[in-house]
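Q: here you go, sequence then predicted model.
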Amino acid sequence: MKKLFTFLLVPSAYLLMPKVVFAHCPLCVAGAAVGVTLTRWIGIDDSITGVWIAALLGSMSFWFSTWLLIKSETLRKWKYRIALKPIIYVLIFASTLWSFYKFQLIIRMSQLFGLDKLTFGMITGGILFYLIDMIKIKHCFNYQKIVISLGSMTVLSLLIYILINFYI
């Protein structure tokens, strides 16, 4: 009986011990990827889809830059390591936009302010997501950074929806 208790207790203790968690974790990235795929599948406007693609790319870039700083001793000692986060952010966005145009994933039928709708959504969402991440907000509750990031993307999506359907 003692062996069975030990066998059940050890995995439970492991699950109860918290590990270090980052605001932009792999699970959040996977959830955002599924959400973006679903919006495309059910026919939501490309500009709104672009906002959520920007959130996906932003969370992936923040996650990747944090992972690089943890894994690389050289980068941690680099005197310009503060520039790593924006460099990776811009590179991931630029490579994604390039691949979207290269493989003709951007539909060029309609535009907003001279940009394709998906590109417009990605740029506006990317700028807002980065600015929200840079703001230093007093910690009030758990998962506050995620709630603020997702809330800002939701508000931006609603504003773009209102802009498209009522003003353009």
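A: Right, received. Where do you want to start?
Q: gap between residue 127 and residue 37?
A: Counting by C-beta to C-beta, to the nearest Å, the gap from residue 127 to residue 37 is 23 Å. Heads up, the C-betas are built off the backbone N, CA and C, glycines and all.
Q: please apply the same query to residue 82.
A: Here residue 82 is placed at a distance of 34 Å from residue 37 (C-beta to C-beta).
Q: which one of the two has more residues nearby?
A: Legend: neighbour count by other C-beta atoms under 10 Å for residue 82 and residue 37, higher for residue 37 (12 against 8).
Q: dump the residue contacts of the more buried one.
A: Neighbour list for residue 37: empty [criterion: C-beta atoms under 8 Å, 6 or more residues apart in numbering].
Q: which residue ranges of the chain form strands?
A: Using DSSP state E, the strands of the chain run over 111-112, 115-116.
Q: of all those strands, which lies closest to residue 77?
A: Of all the strands of the chain, strand 115-116 sits nearest to residue 77, with 39.9 Å by C-beta to C-beta.
Q: how far away from the center of its chain is the closest one?
A: With C-alpha atoms, centre = their mean, to the nearest Å as the basis, strand 115-116 stands 21 Å off its chain's centre.
Q: do the same with stretch 40-48
A: That offset, for stretch 40-48, works out to 17 Å (C-alpha atoms, centre = their mean).
Q: same check, this time on stretch 103-118
A: Stretch 103-118 sits 21 Å away from the centroid of its parent chain (C-alpha atoms, centre = their mean).
Q: same question, stretch 147-162
A: A distance of 13 Å separates the centroid of the chain from that of stretch 147-162, by C-alpha atoms, centre = their mean.
Q: which parts of it are buried?
A: 149-150, 152-153, 156-157, 160 (16 or more other C-beta atoms under 10 Å).
Q: what are the ranges of the helices in the chain?
A: For the chain, the helices defined by DSSP state H occupy 2-16, 26-42, 46-71, 73-77, 84-102, 117-134, 144-162.
Q: just name the most buried of those helices.
A: helix 46-71 (a mean of 22; mean count of other C-beta atoms under 10 Å).
Q: for that one, packing partners?
A: Under the contact criterion of 3 or more C-beta pairs under 8 Å, 6 or more residues apart in numbering; DSSP states H and E, helix 46-71 touches helix 26-42, helix 73-77, helix 84-102, helix 117-134, helix 144-162.
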